[in-house]
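Quick one: sequence and predicted model below, then my questions.
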Amino acid sequence: MNLLHSINDFNEAKQVIVGGVNSPVRAFGSVGGVPRFIHKAKGAYIYDVDDNAYIDYVQSWGPLIFGHCDSDIESSVLQSVQNGLSFGAPTEIETTLAKEIISAYDGIAKVRLVSSGTEATMSAIRLARAYSGRDDLIKFDGCYHGHSDSLLVSAGSGCATFGAPSSPGVPSDLSKHTLVARYNDIDSVRACFEESRTKGSGVGCVIIEPIAGNMGLVPADREFLHALRSLCDEYGAVLIFDEVMSGFRAGLRGGLGYCDVLPDMATFGKVIGGGMPLAAFGGRDEIMNLLSPVGSVYQAGTLSGNPVAVSAGLTALLKLKSDPSIFDALAHKAQILTQGLKDAAQSTGIPLQVCHRGSMFGFFFNDRAVKNFDDAKRSDTAMFAKFHQKMLEKGVYFACSQFESGFICTAMGEEEIRTTIERAQESFTEIANGI
């Protein structure tokens, strides 16, 4: 496979862009090799600057549920662009999109549109703390909620611990208000609540991905989420579901479709932007009405709800709502793909754990089921890197980290799924034979 132009582009980019990329995982640091510089895409495929084609299971990290260059979304964007890129003033289409989000997601009465998932989670946490009147926050090891200071915190050695900054530049005085629990372990959550109460501050909110997509794909157990809801009620904490990745991806109702647990607030992104920068946070009336200009909790953004992004997201949501069977078809493809990968790996003696929720999927080179980040970290990341490189060489583009999810789009047919499984079988056989 010729990669000359990608190699040259990467070297040039590193001279003027930190690490040569504008988001760290794109640098291929955990899988090795050269990041592909992409110059076009269509449907299920992306094409690099050397004209190599790849079946794309990243789909811009989730938002492209209809694949690249969907004609309906493209048309809505082009029409919107002709009327202006951004106004810094309200538009009717923002209200229409808000109504579509609220009608699909139980328990959400109002939303606020923003431009990124990081903005959505950061703002939701601020609002939740204001509502509860308490400073402490519980998050879960392995869940990623953006790069705001309060959330760049990792667990210590215990099950329940006050977090330590996981990035330089995060003040310890700020991170001390973030407690880190173990995913799918309700005892660790209760310990966090008790520890916070003992120190006298109290937990104001809990944020969780009900379908975690940033430690690989690891769904929360239904019983765990029900117990988490009960604990939040018991201690008076606001429960926030981070559905930036899973909202309108895992199903029309996101994580709610798998647990029937209602959070107090939720955050959205990815699909609601249709491939453009857009996110949202929402919640019950009494919480959201604390937000400026109605209440005193401040949040603002010049490009929030810009008409071009809103047009793309609204078109995507309306397409999904017009034919809910799309989710069944995507889930079926994900099931065929993940089972095919598992069978191919097992045929060569390579242990592989697989999972899917709707059109989201993940796999771990691990000999036991993955229920939390500790389990995920026991996976064979060196094996993942070998597999990733071989699949790239064969024209299949998986997420460039063991700890990221993959995505199916409607443009993927039986041929793409079958080809992927065949190339996985070839790759596993080569790895098993030391090739």
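Perfect, I can see it now.

Please identify the helix or strand for residue 12.
Here residue 12, judged by DSSP states H and E, is contained in helix 4-16.

Send over that helix as PDB, restricted to the C-alpha atoms.
The C-alpha trace of helix 4-16 is given here as PDB (Å, rounded to 0.1, in the frame of the first residue of the first chain):
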ATOM      1  CA  LEU A   4       3.900   8.400   0.400                       C
ATOM      2  CA  HIS A   5       1.600  11.400   0.500                       C
ATOM      3  CA  SER A   6       0.200  10.600   4.000                       C
ATOM      4  CA  ILE A   7       3.800  10.300   5.300                       C
ATOM      5  CA  ASN A   8       4.800  13.600   3.800                       C
ATOM      6  CA  ASP A   9       1.600  15.300   4.900                       C
ATOM      7  CA  PHE A  10       2.100  14.100   8.500                       C
ATOM      8  CA  ASN A  11       5.700  15.300   8.600                       C
ATOM      9  CA  GLU A  12       4.600  18.700   7.300                       C
ATOM     10  CA  ALA A  13       1.700  18.900   9.700                       C
ATOM     11  CA  LYS A  14       4.000  18.300  12.700                       C
ATOM     12  CA  GLN A  15       5.900  21.400  11.900                       C
ATOM     13  CA  VAL A  16       2.900  23.700  12.500                       C
END
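
Would you mark the buried spots in that helix?
5, 6, 9, 10, 13 (16 or more other CB atoms under 10 Å). Any C-beta I mention is one placed from the backbone N, CA and C, and that applies to glycine too.

Three-state assignment for residue 39, please.
Following DSSP: H, G, I helix; E, B strand; the rest coil, residue 39 is assigned to strand.

what domains does the record give for this protein?
Domain segmentation of the chain under automatic domain parsing yields 4-69+324-432, 72-322.

Switch the buried residues of helix 4-16 over to JSON lines; also include distance to residue 190 and pLDDT.
Formatted as JSON lines, the buried residues of helix 4-16 follow (distance: CB to CB, whole Å; pLDDT from 0 to 100):
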{"residue": "5", "distance to residue 190": "55", "pLDDT": "98"}
{"residue": "6", "distance to residue 190": "49", "pLDDT": "97"}
{"residue": "9", "distance to residue 190": "51", "pLDDT": "97"}
{"residue": "10", "distance to residue 190": "47", "pLDDT": "97"}
{"residue": "13", "distance to residue 190": "47", "pLDDT": "97"}
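
quick one, helices of the stretch 251-400 of the chain?
Using DSSP state H, counting those that start in this stretch, the helices found in the stretch 251-400 of the chain span residues 256-259, 285-288, 307-322, 325-347, 373-377, 381-393.

Can you classify the residue nearest to the spatial centre of the chain by secondary structure?
Centroid-nearest residue in the chain: residue 245, 3.2 Å away (criterion: CA atoms, centre = their mean). Three-state call for residue 245 (three-state DSSP): coil.

Equivalent analysis for residue 180, please.
Quick answer, by three-state DSSP: residue 180 is strand.

Report the contact partners of residue 274.
63, 64, 70, 73, 77, 309, 312, 313, 314, 315, 316 (CB atoms under 8 Å, 6 or more residues apart in numbering).

how about 10 Å then?
63-66, 70, 72-74, 76-77, 308-317, 319 (CB atoms under 10 Å, 6 or more residues apart in numbering).

Check residue 338 too.
217, 352, 353, 354, 355, 356, 361, 362, 363, 406, 408, 421.

Distance check, it against residue 144.
Distance, residue 338 to residue 144, by CB to CB, to the nearest Å: 22 Å.

now do residue 210
On the measure of CB to CB, residue 210 and residue 144 end up 14 Å apart.

Looking at those two, which is more packed in?
residue 210 (27 against 22; other CB atoms under 10 Å).

Do I have it right that that one meets residue 249?
No: the criterion here is CB atoms under 10 Å, and residue 210 misses it with residue 249 at 11.9 Å.

so what's in contact with those two at the same time?
243, 255, 357.

so who does the last one touch?
With contact set as CB under 10 Å, 6+ apart, residue 357 has these partners: 210-211, 213, 217-219, 246, 249-251, 254-255, 257-258, 331, 334, 405.

try the first one
Residue 243 makes contacts with 105, 117, 120, 209-211, 249-250, 253-256, 263, 266-272, 280, as judged by CB under 10 Å, 6+ apart.

Report how many residues lie close to the nearest residue to it once chain neighbours are set aside.
Ranked by CB to CB, 6 or more residues apart in numbering and with sequence neighbours excluded, the top spatial neighbour of residue 243 is residue 254, at 4.4 Å. Using other CB under 10 Å, residue 254 is surrounded by 26 other residues.

related to what we said a few turns ago, how near is the residue lying closest to the residue nearest to the centre of the chain once chain neighbours are set aside to residue 56?
Distances taken as CB to CB, 6+ apart place residue 213 nearest to residue 245, at 4.2 Å, with adjacent residues excluded. Applying CB to CB, the value for residue 213 to residue 56 is 17 Å.
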